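Asker: quick one: sequence and predicted model below, then my questions.
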Amino acid sequence: MDITGQLYVAVSIFCLFVIAFAYLGYPVSIYAFSKIFGQTNDPHYLADEALPSIALLIAAHNEEKDIRARIENALAMDYPADRLTIVIASDGSTDGTNDIVREYLVTGRVRLLEFSSNRGKAAVLDSAVPSLDCDLVVLSDANTTMRTDAVRRLASWFVDPKVGAVCGRLVLTDPKTGTNVDSIYWKYETFLKKCESKLGALLGSNGAIYAIRKSLFPGVPPGTIIDDFYIPLEAKRRSGCQIVYDSHAVACEETAPNIRAEFRRRVRIGAGGFQIISRLWKLLLPANGWVAFAFLCHKLLRWFCPFLMIVAFLANLLALDSTTGSWLFAMQLVGYSLAIVGNWVPARPRALKLLKVPTMFVSMNIALLVGFFQWLFIRQSGVWQRTERATPMAAPQSLLEKVTV
């Protein structure tokens, strides 16, 4: 094999190594570092009279099917009624959402913020949060069900003045049965959140359940796609505050109803990821310590994996005259073949789910690639693109109580 062939093989191996590190090496590394250097803290118990005032802010657009159940769930929170206000920020809703919310205004615990035009969640949060009179803002979605102790759990962390934001745990449920259907990938992401939190390197939050000090809310630029990633990290960048993950503060939400809806969601996340790089790239500077390490390995490398996969495949094609190149190419063909076959693998028995991992991996990277071009060529408006869900929204408190941490 000539030196050109060796170069192509080296490029392919390097790309495959980076991909493997992003998805396999990083979890091992962050787990080891969290064990060696991490700190495990617990929230402080607070008596009712010591709890901070909270606004539970729910941005909604045409949520008449779910908003009643969501408000009932919010009113059932184990939190002093005089310290918790439920705020529904209705973003240009044209269905019965606003009328349903008005039914609850007589309780004195629910507030409706009506916005005349559909501008998107980021714009709604940017307008709504400054108008709130509270110590903490808990952000959630209209299709989310929270465990009754979730708000209290989130609030208890803020006794520590260094804590600026707290992310809860989201459990995914089947839209038809309401049962827990956390995928391998979702459990994998939850594991990473726990490790990163111990190192003070948690990256963003989950829009379904997180809290932030109102005084640290940084505002949201127009067109922001992943607001729950931008808001906590920008607050951290400006103030140096800690972002904490609490696996005991639990909420549940339905999975996407079909593959097409899930793919659209991943494309949106991909576009949002590249947008975030352009806005928060300073967090990659070494001075940010573990945050820089986590941002680079957990996010940046993963967002660029589609390009690494393409380069690895093309470089391999140019090195088929070598034994090493042939073996590498065969391995890639097997991997992509398994990804195709995985589309037809049944969900039961559970052991077969492992055969779907290549399918999930490839489809996720295709979505990231589409998201990149969407971010590059399409102006991001942030306007809602509502996903249809099961009706009515389930409120499986029994499931939430059984969730293990």
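Answerer: Good, I have the coordinates.
Asker: what segments of the stretch 51-200 of the chain are helices?
Answerer: Remark: helices assigned in the stretch 51-200 of the chain by DSSP state H, counting those that start in this stretch are 67-75, 97-102, 121-128, 150-156, 184-198.
Asker: ok, the stretch 301-405 of the chain next?
Answerer: Under the criterion DSSP H, counting those that start in this stretch, the stretch 301-405 of the chain contains helices at 301-303, 305-317, 323-341, 357-377, 397-402.
Asker: tell me which of those helices lies nearest to residue 287.
Answerer: Nearest to residue 287, of all these, is helix 301-303, at 19.9 Å by C-beta to C-beta. Where you see a C-beta, it was placed from the backbone N, CA and C, and this is true even at glycine.
Asker: for the record, mean pLDDT for that closest one?
Answerer: Averaging pLDDT along helix 301-303 gives 95.
Asker: which of the helices of the stretch 301-405 of the chain has the lowest mean pLDDT?
Answerer: Here the lowest mean pLDDT among the helices of the stretch 301-405 of the chain goes to helix 397-402, at a mean of 58.
Asker: low-confidence ranges, the protein, go.
Answerer: 1, 174-182, 257-258, 347-348, 350-351, 380-405 (pLDDT under 70).
Asker: direction included, what does the longest strand along it pair up with?
Answerer: Taking DSSP state E as the criterion, the chain has its longest strand at strand 242-254. Strand 242-254 has the following strand partners under DSSP bridges: strand 144-146 (antiparallel), strand 163-173 (parallel).
Asker: switch the ones you listed over to a markdown table; also include distance to residue 53.
Answerer: What follows is these, written out as a markdown table (distance: least, C-beta to C-beta, whole Å):
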| stretch | distance to residue 53 |
| --- | --- |
| strand 144-146 | 18 |
| strand 163-173 | 16 |
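Asker: nearest to residue 30, of the ones you listed?
Answerer: strand 163-173 (16.2 Å).
Asker: about what we covered before: the helices of the stretch 51-200 of the chain into a markdown table, with extra columns for mean neighbour count and distance to residue 313?
Answerer: Output for the helices of the stretch 51-200 of the chain, formatted as a markdown table (neighbours: other C-beta atoms under 10 Å; distance: least, C-beta to C-beta, whole Å):
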| stretch | mean neighbour count | distance to residue 313 |
| --- | --- | --- |
| helix 67-75 | 20 | 45 |
| helix 97-102 | 18 | 47 |
| helix 121-128 | 22 | 36 |
| helix 150-156 | 25 | 45 |
| helix 184-198 | 17 | 23 |
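Asker: ok, residue 115 touching residue 94?
Answerer: No: applying C-beta atoms under 8 Å as the test, residue 115 and residue 94 come out as separate, 11.9 Å apart.
Asker: nearest to residue 264, of the helices of the stretch 301-405 of the chain?
Answerer: Minimum separation from residue 264 across the helices of the stretch 301-405 of the chain (C-beta to C-beta) falls at helix 357-377, 8.4 Å.
Asker: send me stretch 115-124 as PDB with only the CA atoms.
Answerer: Output in PDB follows, covering the C-alpha atoms of stretch 115-124 (Å, rounded to 0.1, in the frame of the first residue of the first chain):
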ATOM      1  CA  PHE A 115     -49.900  36.700  23.500                       C
ATOM      2  CA  SER A 116     -51.800  37.600  20.300                       C
ATOM      3  CA  SER A 117     -49.400  36.100  17.700                       C
ATOM      4  CA  ASN A 118     -47.600  32.700  17.500                       C
ATOM      5  CA  ARG A 119     -44.000  33.600  18.000                       C
ATOM      6  CA  GLY A 120     -42.600  30.400  19.500                       C
ATOM      7  CA  LYS A 121     -41.600  29.200  22.900                       C
ATOM      8  CA  ALA A 122     -38.300  31.100  23.200                       C
ATOM      9  CA  ALA A 123     -40.000  34.400  22.500                       C
ATOM     10  CA  VAL A 124     -42.800  33.600  25.000                       C
END
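Asker: centre of the chain to that stretch, how far?
Answerer: With C-alpha atoms, centre = their mean, to the nearest Å as the basis, stretch 115-124 stands 20 Å off its chain's centre.
Asker: quick one: residue 339 from residue 189, how far?
Answerer: Counting by C-beta to C-beta, to the nearest Å, the gap from residue 339 to residue 189 is 20 Å.
Asker: between helix 67-75 and the longest strand of the chain, find me the angle.
Answerer: Between strand 242-254 and helix 67-75, the angle comes out at 140 degrees (axes from the mean of the first three to the mean of the last three C-alpha atoms, to 10 degrees).
Asker: following strand 242-254 in sequence, what is the next regular element?
Answerer: helix 259-280 (DSSP states H and E).
Asker: go through that following helix and flag the buried ones.
Answerer: Within helix 259-280, the residues scored as buried using 16 or more other C-beta atoms under 10 Å are 262-264, 266-277, 280.
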